[in-house]
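Colleague: the following comprises the amino acid sequence and a computationally predicted model.
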Amino acid sequence: MRAIEAALPTSDGVACFARLYREVTEGVAGALEEGAFADPRFLERLDVVFAGLFFAAVDLDERDPGSAPAAWRPLFLARARRGIAPIQFALAGMNAHINRDLPVALVTTCSELGVELRSDSQQHADYLRVNALLAEVEARLKKSYATGLLGRLGRFLHGFHRLDDVIAMWNLERARDAAWTNAEALWSLRGTPHLAAEFVSSLDRMVGFAGRGLLVPSESLTQRLARRLHLA
């Protein structure tokens, strides 16, 4: 993740998500070291499998633009577009990674470790404990983009700002709950590979549609003015 950040401009949409993802991963790693989970082996392997799906999507887009999973394409296509706030890029990455990749990573991890994917398991209890760590990072990110003189001035002048709507659209806990439910559905289909593949394909397309909504340019009049003054 640090290599991705270092190779890209700070304003790049993928870099914006990678910074958030790195902070989350570091937080989970710290909790694992403190022994906060009942089955650390499960979470450690899940983190690796999960991150691998992000890295694979980035590699696919670099080798053949447009070939990455549909869930990731909105972020990759809009990554250099003006008028899109860093938090929008970060949330679009979270949308793709949690709603599309996480169910796949959960099923893969449980299959590898011989763990039954169930909501009454200790693995699910650990999964829910991670929510608190992620919520702290998400809240810090939202606050960093919702405060400051320019942000307050924009809200004063324009009322219901597009950026507020985008932030309100996203709820991390609900997304992770839905990801677990989709993983259970995918787990039940593992004996019918063609249905499992169709399930992931349909999920991929729906998540991509949501990603496009998160990336509608949100730049306000005050932000455009500030950017033009800076360029001048």
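Modeller: Yep, it's here. Numbers count the residues shown, from 1 in each chain.

Colleague: what residue is smack in the middle of this protein?
Modeller: Residue closest to the average C-alpha location in the chain (CA atoms, centre = their mean): residue 94, at 1.1 Å.

Colleague: who does the helix or strand that that residue is a member of touch, helix- and strand-wise?
Modeller: For residue 94, the element it lies in under DSSP states H and E is helix 86-94. If contacts are counted by 3 or more CB pairs under 8 Å, 6 or more residues apart in numbering; DSSP states H and E, helix 86-94 sits against helix 13-33, helix 73-78, helix 122-146, helix 162-169, helix 193-214. In this view, the C-beta of every residue, glycine as well, is placed from N, C-alpha and C.

Colleague: buried residues, the first one. List them.
Modeller: So the one you mean is helix 13-33. 13-21, 23-24, 27-28, 31-32 (16 or more other CB atoms under 10 Å).

Colleague: for the very next helix or strand once past that helix, what is the average pLDDT?
Modeller: Using DSSP H and E, the helix or strand that follows helix 13-33 in sequence is helix 40-63. Averaged across helix 40-63, pLDDT comes to 96.

Colleague: next secondary structure after the helix holding residue 94?
Modeller: Past helix 86-94, the next helix or strand by DSSP H and E is helix 102-113.

Colleague: flag every buried residue along that next one.
Modeller: By neighbour count on 16+ other CB under 10 Å, the buried set for helix 102-113 is 102, 103, 104, 105, 106, 107, 108, 109, 110.

Colleague: and which of those residues is nearest residue 2?
Modeller: The closest of the buried residues of helix 102-113 to residue 2 turns out to be residue 105 (CB to CB; 20.8 Å).

Colleague: from residue 117, how far out is that closest one?
Modeller: 11 Å (CB to CB, to the nearest Å).
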